[in-house]
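S.K.: below: sequence and its predicted model.
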2 protein chains.
Amino acid sequence: MPVARRLEDVALELFATQGFDETTVDELALAGGVGRRTFFRYFPTKLDVVLGELDDGLAALASVLREEPGDDPVAAARAAFLAVNHYADAELPALRRRLGLIEDVPELAARATVRYRDWEQTLATDAAARWGTDPASLRAQVFGRAVVAAMRAVFSAWHVRPEADAAALGALVEEAFDALARGFSSP
Amino acid sequence: MPVARRLEDVALELFATQGFDETTVDELALAGGVGRRTFFRYFPTKLDVVLGELDDGLAALASVLREEPGDDPVAAARAAFLAVNHYADAELPALRRRLGLIEDVPELAARATVRYRDWEQTLATDAAARWGTDPASLRAQVFGRAVVAAMRAVFSAWHVRPEADAAALGALVEEAFDALARGFSSP
DNA sequence: TCTGGTGGTGGCACCGAGTGCCGCTTAGCG
DNA sequence: CGCTAAGCGGCACTCGGTGCCACCACCAGA
């Protein structure tokens, strides 16, 4: 098992039992069998142990979005999100642990939203292209940010459910995009 | 001039000239004529010097929202935001400086979104009440987060404009809420 | 086999944010 | 005039994060 992976495992374990703030980097390094200095070579900050994979998700989202046809950005974004968030059953428990941490530790929630900014811009740019407008236009910007906001709501709703399986996640994504497509004025 | 106000002024000044990260708390305290320890008595963190007033905005939003009649949450939220964001001309430059910092310094952007979580829940609860549904329902949650996301887009668009006056801000708010009301599938 | 890179490692010293403790000043009051 | 209480701020400490550098393994080539 590679070092980074092992550090990630012991870190999530310690965070779950002791709490995020109560776990120092020294403990993580010790538990992972490396020096403190080496820990920081694998993860730029303590937060990144939890947030690591979000970047991969962005890359995947962008490439799927680029392939998606049609001139309706909502449909394209919906299809892209469904494609990207297709997790294997074995990954779900780890995903839930991560989401739980991000939800509960304010500092993690904060840093996660910084990562989301790239998603927002990717989505805004895509929508603008499909609409034939400027990516900096307010409507495109609102779209990009609203989609990410909706996905945060989806993950938040999903991770507190008892039956947090892949099907439930997909259904929530559908429901969220329906809301965005229809707007909020109609009942 | 009260101590907190003076610290805020010199801090925004130093942040603007040197940058946020390059300004230490020691410098802020020194420039404000207080001890470092005293600085932390007025502001729990360095970030809070910039983010301070956002909490007042939340309180105002919640109370205005409570007074707003009708069963359309979009209309209510729109009216509430227009009422709350009615700044005097003299306040606008300071507001722009703050928004610029929040936009440019990732750590500030991150912390700001943590504050926004309360706004999101307030808006979700209000929408659920008007719809007669559960505040935890996905649609209400998506609504709350999408509204805040739209407002972030508004501030972002506004603060980069040359003519960042009150009228322009109001127009952007209108446009953003129109988008949320209509949905994003229609052209 | 010796030699000279080279990449991973981690100790050490340092910085800055934030906190607990405690002694000091000063203003208000009996 | 003395007492008390509140604000102030110095001091020492913890913890996250960084720069520097010595050490060790491994591998190339002579």
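M.R.: Sure thing, it's come through.
S.K.: shaky segments in chain A?
M.R.: A:55, A:186-187 (pLDDT under 70).
S.K.: which bits of it sit near DNA strand C?
M.R.: Contact residues (Cβ under 7 Å from any atom of the strand) of chain A with DNA strand C: A:3, A:34, A:35, A:36, A:37, A:38, A:41. Glycine gets a C-beta too; all of them are placed from N, C-alpha and C.
S.K.: among those residues, who's most crowded?
M.R.: Ranked by neighbour count (other Cβ atoms under 10 Å in any protein chain shown), those have residue A:34 at the top, with 17 neighbours.
S.K.: and the angle from the lengthiest helix in chain A to helix B:106-131?
M.R.: Identified as the longest helix of chain A according to DSSP state H is helix A:106-131. With axes from the mean of the first three to the mean of the last three Cα atoms, to 10 degrees defining the directions, helix A:106-131 sits at 80 degrees from helix B:106-131.
S.K.: elements contacting helix A:106-131?
M.R.: For helix A:106-131, the packing partners by 3 or more Cβ pairs under 8 Å, 6 or more residues apart in numbering or on different chains; DSSP states H and E come out as helix A:48-51, helix A:54-67, helix A:73-84, helix A:92-104, helix A:138-159, helix B:106-131.
S.K.: flag every residue of chain A that's near DNA strand D.
M.R.: A:23, A:24, A:25, A:26, A:36, A:37, A:40, A:44, A:45, A:46, A:47.
S.K.: most tightly surrounded among the helices and strands packed on helix A:106-131?
M.R.: helix A:138-159 (a mean of 25; mean count of other Cβ atoms under 10 Å in any protein chain shown).
S.K.: ok, residue A:46 - contacts?
M.R.: A:25, A:28 (Cβ atoms under 8 Å, 6 or more residues apart in numbering or on different chains).
S.K.: one step back: let's have the residues of chain A next to DNA strand D in JSON lines, adding secondary structure.
M.R.: Shown next, in JSON lines, are the residues of chain A next to DNA strand D (DSSP: H, G, I helix; E, B strand; the rest coil):
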{"residue": "A:23", "secondary structure": "coil"}
{"residue": "A:24", "secondary structure": "coil"}
{"residue": "A:25", "secondary structure": "helix"}
{"residue": "A:26", "secondary structure": "helix"}
{"residue": "A:36", "secondary structure": "helix"}
{"residue": "A:37", "secondary structure": "helix"}
{"residue": "A:40", "secondary structure": "helix"}
{"residue": "A:44", "secondary structure": "coil"}
{"residue": "A:45", "secondary structure": "coil"}
{"residue": "A:46", "secondary structure": "coil"}
{"residue": "A:47", "secondary structure": "coil"}
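S.K.: what residue in chain A comes nearest to DNA strand C?
M.R.: residue A:35 (2.6 Å; Cβ to the nearest atom of the strand).
S.K.: once you drop chain neighbours, what's closest to that residue?
M.R.: In space, residue A:35 comes closest to residue A:29 once its chain neighbours are excluded; the distance is 6.0 Å by Cβ to Cβ, 6 or more residues apart in numbering or on different chains.
S.K.: so the one you found, which state does it fall into?
M.R.: Going by three-state DSSP: residue A:29 is helix.
S.K.: around it, how many other residues sit close by?
M.R.: Neighbourhood size, residue A:29 [other Cβ under 10 Å]: 20.
S.K.: hmm, residue A:41 and it touching each other?
M.R.: No - Residue A:29 lies out of contact with residue A:41 (Cβ atoms under 8 Å); the separation is 10.6 Å.
S.K.: any idea how chain A splits into domains?
M.R.: Following automatic domain parsing, one gets these domains for chain A: A:3-46, A:53-182.
S.K.: so can I have CSV of those domains showing distance to residue B:145?
M.R.: Formatted as CSV, the domains of chain A follow (distance: least, Cβ to Cβ, whole Å):
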stretch, distance to residue B:145
domain A:3-46, 23
domain A:53-182, 4
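S.K.: which residues touch stretch A:62-73?
M.R.: A:75-77, A:79-80, A:83-84, A:122-123, A:126-127, A:130-131, A:143, B:184-185.
S.K.: then stretch A:101-116?
M.R.: Residues contacting stretch A:101-116 (Cβ under 8 Å, 6+ apart): A:12, A:15-16, A:20-21, A:47, A:50-51, A:54-55, A:58, A:148, A:152, A:156, A:159, B:106, B:109-111, B:113-114, B:117.
S.K.: mind checking which of the residues of chain A next to DNA strand D are buried?
M.R.: Among the residues of chain A next to DNA strand D, those classed as buried by 16 or more other Cβ atoms under 10 Å in any protein chain shown are A:23, A:46, A:47.
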